[in-house]
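Participant: sequence and predicted structure, then a few things I'm wondering about:
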Amino acid sequence: MGRAHAPTDPSEVRRIERWLATARVFLAVSALAAIYMDPTQLGHAPVAYGLLGLYLIHGVLVMTLLRRKKQSTAAFRLLVHSADIVWPAFISVFAEGPRSPFFLFFFFVLAASAYRWGLWETLSTAAAEVALLWVESFVLLHAWAMRGGSLPWKVLSGLQVNVNEFEPKRLFMLSVYLLVMGLLLGYLAQQQKRLRAEKAVVTRMLAKVRVDAGLTGTLQQMCGEIVSMYSASRLLVASQEIHSHRTFLGEVRGGDEESRDFVWLDSGPREAKGYLEDFPGEVFYAKREKERWSVIALDREGNSIAVPSTEPVERLKDRQNFQSLIAISYVFGGEWRGRIFVFDPTWQGETQEELRFLLDLMRQVGPAVYNVYLLHRLRRRAGAAERARFARELHDGAVQSLIGVEMQVDVLRRQAENTPAVVEGELGRIQGLLREEVLKLRELMQQMKSIDVDSRRLLSLIIDAVERFERETGISARFVTDITKLEMPDKVCRELLRIVQEGLVNVRKHSKARHVLVRLSAQDSQWSLTMEDDGKGFPFSGRLTQDELDHLGKGPTIIKERVRLVAGALTVESTPGTGTRLEVKVPKSGEVSNAL
């Protein structure tokens, strides 16, 4: 199946080869140290040490090439592995036989094969080692007998060759040991790679859980991944909202990746029983065998359970066309329950292990999908609440005012001929009301806009807000700053701009001021924003901090909340009849909340 081996990138392959090269050099050094302490293992000829010296040089050369090359090719790895197979067989000839302590060389090549690849490659390596040993046995027994027990070259004099160790009886047991060791190491490596592949699948599935894709987009990505992994004909998701009992069906069909669209299907309450009830276990696999169904079911803990009846599968077969089926159930947050059906899946391996993997996959990926649903629902509710707030603002403000203006215009129309002087004054007052409502609507629209602001645009946006305020209200407004280059987090920029906008709105609505001054400055450890006006001030006299304002229940509520979001400090200085001074200080190293 597609996840039998975890994907390996070139950098990881290179690291594996470097680790094996280091182990090869360590093995050669250890072998040299061993024969130095006990020379009887290889005899006293200098060529004995030369053999292991060549193996050490071989290991160092491979390690050097790996450090210089940016990647390890398949041909290079195969060449190095072939040399690793030949060296143990060659060295064992001149040691005390293949059962000497240099048997570690055989173990190393098997471990390297398991570490690189898996079961079949390790078994093939063991078989190659066995074949080489039997070839050596045939050559040594015949060549040794023909030459009377001496080697043909004088340079090899002094080397010991224990021919008795290459006799078929002894070599047979060694061959069995090598094959069993290859099978054991290969099996363990295969299982480790399988576990690693399962974790890779879970990680890949979690990476497809994206809030910006929405619930349907996330389901399409994840269901498409399952369809591809099992080469299934299609996948069906059946869900039911527990409280309302509404049932939803979604389907992804097999094929190429571009055609795997998640499609919501029409469903009714009657279909819930056919898809959600009476099925055995938390996960089950059903396959049609001749005239009967073979069903394997597991409980929540992954234990096999008895299947009392295959009738639910047969009823589902009447609705859907399939020959085999995997079904996994789920429950999310006490709100949703459902089951995922994978039709006509194919895979290699033991069925119960595959079902346990699917249980684990659902436990890890399911909550992430449910979080996407919760966030999607939260956004809908937040949007509905925001729309309700703006509707209330429009109803209580602009709509009511326009209704009053319409009634007054109707009265003036009737009085126009009799009292023209009164009509002129009333028209002026109505014009003022309309101007006020236009400003309120513009402020409401400004609040609805999302602000894209950073430190490069903050100063220009504040200047624009102040100039627009002066132009629309007729109140003299000015912005001053001594900052030439501003470096401020985007969240702080956004909140300071909102504070300026909210402060200007309060000046227009409540202060009756004629002049407004906005100032932004920077010190070593903080930014300072001040707003001053010459209006009527707050209904208190003196200078109060934010805590004091909260205790008295006074001060601009929205501005106080925005100051808290940037870990700032607010101070309001009020002189009734003279004006107000509002000061916000934000530490440059403060923690900024993500609440907004």
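Facilitator: Thanks, I have it.
Participant: buried ones in the strand or helix carrying residue 20?
Facilitator: Applying DSSP states H and E as the criterion places residue 20 in helix 10-37. The neighbour-count check on helix 10-37 (16 or more other CB atoms under 10 Å) flags 13-14, 16-17, 20-21, 23-25, 27-28, 31, 34-35 as buried. C-betas here are computed from N, CA, C, even on glycine.
Participant: ditto for stretch 240-257
Facilitator: Buried residues in stretch 240-257 (16+ other CB under 10 Å): 240, 247, 248, 249, 250, 251, 252, 253, 254.
Participant: which strands or helices does the helix or strand where residue 200 lies pack on?
Facilitator: According to DSSP H and E, residue 200 maps onto helix 168-207. Counting contacts by 3 or more CB pairs under 8 Å, 6 or more residues apart in numbering; DSSP states H and E, helix 168-207 packs against helix 103-116, helix 119-146, helix 214-230, helix 351-394.
Participant: residue 283: which of these is closest?
Facilitator: Ranking those by proximity to residue 283 (CB to CB) places helix 351-394 first, at 4.8 Å.
Participant: return the distance of the closest one from the chain's centre.
Facilitator: For helix 351-394, the separation from the chain centroid amounts to 16 Å (computed by CA atoms, centre = their mean, to the nearest Å).
Participant: I'd like to know which of the buried residues of stretch 240-257 are part of strands.
Facilitator: With DSSP state E as the criterion, strands contain 240, 247, 248, 249, 250, 251, 252, 253 from among those.
Participant: excluding its backbone neighbours, what's nearest the third one?
Facilitator: With CB to CB, 6 or more residues apart in numbering as the measure, residue 239 is the residue that lies nearest to residue 248, at 4.8 Å, once sequence neighbours are left out.
Participant: check contacts around the one you found.
Facilitator: Listed by CB atoms under 8 Å, 6 or more residues apart in numbering, the contact set of residue 239 reads 247, 248, 249, 250, 336, 337, 338.
Participant: roughly how far does it sit from residue 250?
Facilitator: Computed as CB to CB, to the nearest Å, the residue 239 to residue 250 distance reads 8 Å.
Participant: that's a strand at residue 294, yeah?
Facilitator: Yes: according to DSSP: H, G, I helix; E, B strand; the rest coil, residue 294 belongs to a strand.
Participant: surely it is in contact with residue 287?
Facilitator: Yes: counting by CB atoms under 8 Å, residue 287 is a contact partner of residue 294 at 5.0 Å.
Participant: ok, back up a step: closest one of the buried residues of stretch 240-257 to residue 575?
Facilitator: Looking across the buried residues of stretch 240-257 and measuring by CB to CB, the closest to residue 575 is residue 248, at 63.0 Å.
Participant: returning to that earlier point: closest to residue 508 out of the contacts of residue 239?
Facilitator: residue 336 (49.0 Å).
Participant: can you list phi and psi of the closest one for me?
Facilitator: Per-residue torsions, residue 336: phi -130, psi 140 (degrees, to the nearest 10).
Participant: ok, now residue 289?
Facilitator: phi -120, psi 100.
Participant: residues near it, how many?
Facilitator: By the criterion of other CB atoms under 10 Å, residue 289 has 10 neighbours.
Participant: for the one 10 residues further on, same thing?
Facilitator: By the other CB under 10 Å criterion, the neighbourhood of residue 299 contains 13 residues.
Participant: also residue 545?
Facilitator: 13.
Participant: against residue 213, how distant is the residue nearest the centre of the chain?
Facilitator: Residue closest to the average C-alpha location in the chain (CA atoms, centre = their mean): residue 207, at 3.8 Å. To residue 213, residue 207 is 12 Å away according to CB to CB.
Participant: next: residue 63.
Facilitator: Counting by CB to CB, the separation of residue 63 from residue 213 is 46 Å.
Participant: against residue 275, how distant is residue 249?
Facilitator: 7 Å.
Participant: quick one on the thing from earlier: buried deepest among the helices and strands packed on helix 168-207, which one?
Facilitator: helix 103-116 (a mean of 21; mean count of other CB atoms under 10 Å).
Participant: report how many residues lie close to residue 496.
Facilitator: Quick note: residue 496 (other CB under 10 Å) scores 24 neighbours.
Participant: any idea how far the helix or strand containing it is from the chain center?
Facilitator: Assigned by DSSP H and E, residue 496 belongs to helix 490-506. Relative to its chain's centre, helix 490-506 lies at 34 Å (CA atoms, centre = their mean).
Participant: one more: stretch 11-20?
Facilitator: With CA atoms, centre = their mean, you get 26 Å for stretch 11-20.
Participant: repeat for stretch 481-497
Facilitator: On CA atoms, centre = their mean, the centre of stretch 481-497 falls 32 Å from that of its chain.
Participant: ditto for stretch 520-534
Facilitator: 41 Å.
Participant: other residues contacting it?
Facilitator: 459, 462, 479, 481-483, 486, 488, 492, 496, 499-500, 503-504, 507, 511, 513-519, 578-589.
Participant: ok so, going back, of residue 63 and residue 213, which one has the most company?
Facilitator: A count of neighbours by other CB under 10 Å puts residue 63 above the other of residue 63 and residue 213, at 18 against 14.
Participant: what's near enough to touch that one?
Facilitator: 18, 21, 22, 24, 25.
Participant: below-threshold pLDDT in the stretch 201-350 of the chain: ranges please.
Facilitator: Across the stretch 201-350 of the chain, the ranges flagged by pLDDT under 70 are 257-259, 267-272.
Participant: what about the residue nearest to residue 344 when sequence neighbours are not counted, how many residues nearby?
Facilitator: Excluding the flanking residues, the one nearest residue 344 by CB to CB, 6+ apart is residue 233, at 4.3 Å. Residue 233 has 18 neighbouring residues, counting by other CB under 10 Å.
Participant: same thing with residue 118?
Facilitator: Count around residue 118 with other CB under 10 Å applied: 20.
Participant: how about residue 176?
Facilitator: 11.
Participant: any figure for the gap between it and residue 169?
Facilitator: From residue 176 to residue 169 the distance is 12 Å (CB to CB).
Participant: OK, contacts around residue 207?
Facilitator: Applying CB under 8 Å, 6+ apart, no residues contact residue 207.
Participant: sec struct for the most far-flung residue of the chain relative to its centre, please.
Facilitator: Within the chain, the residue lying farthest from the chain centre (CA atoms, centre = their mean) is residue 418, at 77.0 Å. With three-state DSSP as the basis, residue 418 sits in coil.
Participant: what's the closest of the buried residues of stretch 240-257 to residue 555?
Facilitator: residue 248 (49.0 Å).
Participant: ok, now which ones touch the closest one?
Facilitator: Contacts of residue 248 by CB under 8 Å, 6+ apart are 237, 238, 239, 240, 241, 264, 267.
Participant: quick revisit: so the residue nearest to residue 344 sits right up against residue 252, yeah?
Facilitator: No: using CB under 8 Å, residue 233 is not in contact with residue 252, being 10.4 Å away.
Participant: ok so, going back, now the contacts of residue 239 as JSON lines including distance to residue 474?
Facilitator: What follows is these, written out as JSON lines (distance: CB to CB, whole Å):
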{"residue": "247", "distance to residue 474": "62"}
{"residue": "248", "distance to residue 474": "57"}
{"residue": "249", "distance to residue 474": "62"}
{"residue": "250", "distance to residue 474": "59"}
{"residue": "336", "distance to residue 474": "57"}
{"residue": "337", "distance to residue 474": "63"}
{"residue": "338", "distance to residue 474": "62"}
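Participant: which residues of the stretch 451-596 of the chain fall in strands?
Facilitator: Along the stretch 451-596 of the chain, the segments classed as strands by DSSP state E, counting those that start in this stretch run 476-481, 515-522, 526-533, 542-545, 569-575, 579-587.
Participant: between these, which one is closest to residue 129.
Facilitator: strand 579-587 (69.7 Å).
Participant: strand partners (parallel or antiparallel) of the closest one?
Facilitator: strand 526-533 (antiparallel), strand 569-575 (antiparallel) (DSSP bridges).
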